[in-house]
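> Turn this into a structure:
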Amino acid sequence: KEPMPGAVDLGLSVKWASCNLGASKPEEYGKYYAWAATTGYASSESHDFSWANTPYCTNPSNPSSSSSWSKYNSGDAKLESADDAATVNLGGSWRMPTHAEWQELSSKCKWTWTSQNGINGYKVSASNGNYIFLPAAGLRDGASSYVVGSNGNFWSSQVYSSGVGYAWRMDFDSGSHYPGYHSGRFSGFSVRPVCP
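The predicted model follows:
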């Protein structure tokens, strides 16, 4: 089990976790997860984030074909609880956010680029005065880490609508935050859980 976050009420349709999955403080990066993987890897732990290591990918040489996936092989397919890293590691009603929930967080809160205890990221403030901090944990691809300290990459719980090899993500840097990007399901991204 991973450290249990707090549930922050931002006046939205769900409450947002106070920390990334695998972190015990808001500014900690936590662990990096491939999409539909329930085991994450801290930045100090070696792991090869590749198509060959991606859950349910049966043909790593052709990940864009729906026939190369044994599960979640249609656009906008949603993770089941057994494959949701937040649900598996935290239990209860915790889960990964949907694409729409990231859109809501992006549009209904104020995003301020800042640093917390020396870590870059966004303070995401609600009209009710509550806020969460999303650290710029970067991402992992293959055995390497990229854009740590300058970008944040967070999974949603849904396959991309126009390509089964991809899933929706939230992406940010110091100048923008955008919930409409997608990335290959092999990528090692942060997970920020939500609950009712």
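
> Following element in sequence after the helix or strand that contains residue 139, please.
Assigned by DSSP states H and E, residue 139 belongs to strand 139-141. On the C-terminal side of strand 139-141, the closest following helix or strand by DSSP H and E is strand 144-146.

> What is that next one packed up against?
strand 139-141 (3 or more Cβ pairs under 8 Å, 6 or more residues apart in numbering; DSSP states H and E). To be clear about C-beta, it is placed using only N, CA and C from the backbone, and glycine gets the same treatment.

> The strand it packs on - what's its average pLDDT?
The average of the pLDDT scores along strand 139-141 is 98.

> Need the contact partners of it.
Residues from elsewhere that reach strand 139-141 (Cβ atoms under 8 Å, 6 or more residues apart in numbering): 32, 41, 43, 47, 49, 145-147, 151, 153, 186-189.

> Which ones among the residues you listed lie within helices?
Of these, none are assigned to helices by DSSP state H.

> Whichever of those end up buried, select them in ChimeraX.
Buried residues among these (16 or more other Cβ atoms under 10 Å), as a ChimeraX selection:
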select :32,41,47,49,145,151,153,186,187,188,189
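
> Need the contacts of strand 139-141 in CSV (columns: pLDDT).
Converted to CSV, these look like this (pLDDT from 0 to 100):
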residue, pLDDT
32, 98
41, 98
43, 94
47, 98
49, 98
145, 97
146, 98
147, 98
151, 98
153, 98
186, 98
187, 98
188, 98
189, 98
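
> If we only consider the contacts of strand 139-141, which is nearest to residue 69?
Closest approach between these and residue 69, by Cβ to Cβ: residue 186, at 12.1 Å.

> which residues does the closest one contact?
Counting by Cβ under 8 Å, 6+ apart, residue 186 makes contact with 34, 35, 49, 50, 51, 53, 54, 57, 63, 141.

> leaving aside the residues next to it on the chain, what's closest to it?
Nearest residue to residue 186, sequence neighbours excluded (Cβ to Cβ, 6 or more residues apart in numbering): residue 54, at 4.4 Å.
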